[in-house]
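A.B. asks: Following is a predicted model, sequence given first.
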Amino acid sequence: MYNLIDGKKLAQEMREEIRLGVEEFTKKNGREIGLAVVLVGQDPASQVYVRNKIKACAEVGIKSYAKYLSAESTQAEVEGLVKELSSDKNIDGILVQLPLPKHLDADKILRLIPTDKDVDGFSEENTGKLSMNEDCLVACTPNGVMKMLERYGIEIKGKKAVVIGRSNIVGKPMAMLLLNADATVTVCHSKTRDLKEECLRADILVSAIGKSKFVTADMVKEGAVVIDVGMNRDENGKLCGDVDFENVKDKCSYITPVPGGVGPMTITMLMYNTLQSALRRKI
Ligand code: GUN
């Protein structure tokens, strides 16, 4: 019988803890914690994500600064805004929602975010520190997965972990976090030979590739922990993950659902990182 990892419940519990932390910070320092969220253009999925981030801020007592720019904004305009936010003492975290419109140089814009306000954990300094197992701001989705494993008492040390996907946002930081927690880590991707064989060795299998029902029962070892980071739409337009949940669940010791698994943890970790950022800045 499998155990369901309830990301929604865990996210709610963590948001309450974060709310208390924010309250204490505000009392002690006589100022609010601020998070700036920059959205360029009108991508519908990004609009939903940004709305949810603003809502989460209100829930935990963080002051949000929503900055909406038109899809036609120039590189100089976006850079100007990020620079302005960077030097604003009231702002502890800056998030530029991705993807940016194609005519903009996203890397150049992201590089303007100071390391101590990089609540997405995407900067070279934060990713470098993560790979050296030093204290830093960690990308929200993989950090949320680690919190799930931790809270459900799932041991990582010495376990074989397989991560499917090697993106800078999820796959790579996920692999680093698992390695830092003493797992033996394999990262699989589109050029991997014998993906099924690799996955079958996993005690902990994390899928982050964005393909509906990609992970099937024949790829999962009996008793494995399966974490589904996918956010896809199936043929009927219904939200689904990378894992064929119905097919795979009975082989698992633990499994995350979609929706209600990793998703709710991501924004919660953004709130967590913003609080961490404020505590570190001590202004
Ligand atoms: N777009 C999709 N996921 C993310 C994320 O984690 N952060 C940002 N900034 N944009 C995203």
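C.D. replies: Nice, I can see it.

A.B. asks: Pick out the residue of the stretch 101-250 of the chain closest to the ligand.
C.D. replies: Of all residues in the stretch 101-250 of the chain, residue 120 sits closest to the ligand, at 4.8 Å by C-beta to the nearest ligand atom. Every residue, glycine included, has its C-beta placed from N, CA and C.

A.B. asks: which stretches of this protein form helices?
C.D. replies: 7-29, 44-60, 75-86, 106-110, 124-131, 140-151, 171-180, 195-200, 245-248, 262-281 (DSSP state H).

A.B. asks: can you pull the buried residues of the longest one?
C.D. replies: When burial is assessed from 16 or more other C-beta atoms under 10 Å, helix 7-29 yields the following buried residues: 7, 10, 11, 14, 15, 18, 19, 21, 22, 25, 26.

A.B. asks: likewise the shortest one?
C.D. replies: In terms of neighbour count (16+ other C-beta under 10 Å), helix 245-248 has its buried residues at 245, 248.

A.B. asks: Pull up the gap between the residue of the stretch 101-250 of the chain closest to the ligand and residue 266, please.
C.D. replies: 10 Å (C-beta to C-beta, to the nearest Å).

A.B. asks: Spell out which residues are contacts of both of the two.
C.D. replies: residue 140 (C-beta atoms under 8 Å, 6 or more residues apart in numbering).

A.B. asks: shouldn't residue 230 be in contact with residue 213?
C.D. replies: No: taking contacts as C-beta atoms under 8 Å, residue 230 lies outside contact range of residue 213: 9.3 Å.

A.B. asks: What sits closest to the closest residue to the ligand within the chain if chain neighbours are left out?
C.D. replies: Taking C-beta to the nearest ligand atom, the ligand has its nearest neighbour within the chain at residue 98, 3.7 Å off. Closest residue to residue 98 apart from its sequence neighbours, by C-beta to C-beta, 6 or more residues apart in numbering: residue 106 at 6.6 Å.

A.B. asks: hang on, residue 120 packs against residue 141?
C.D. replies: No: under the criterion of C-beta under 8 Å, residue 120 is not in contact with residue 141, lying 9.9 Å apart.
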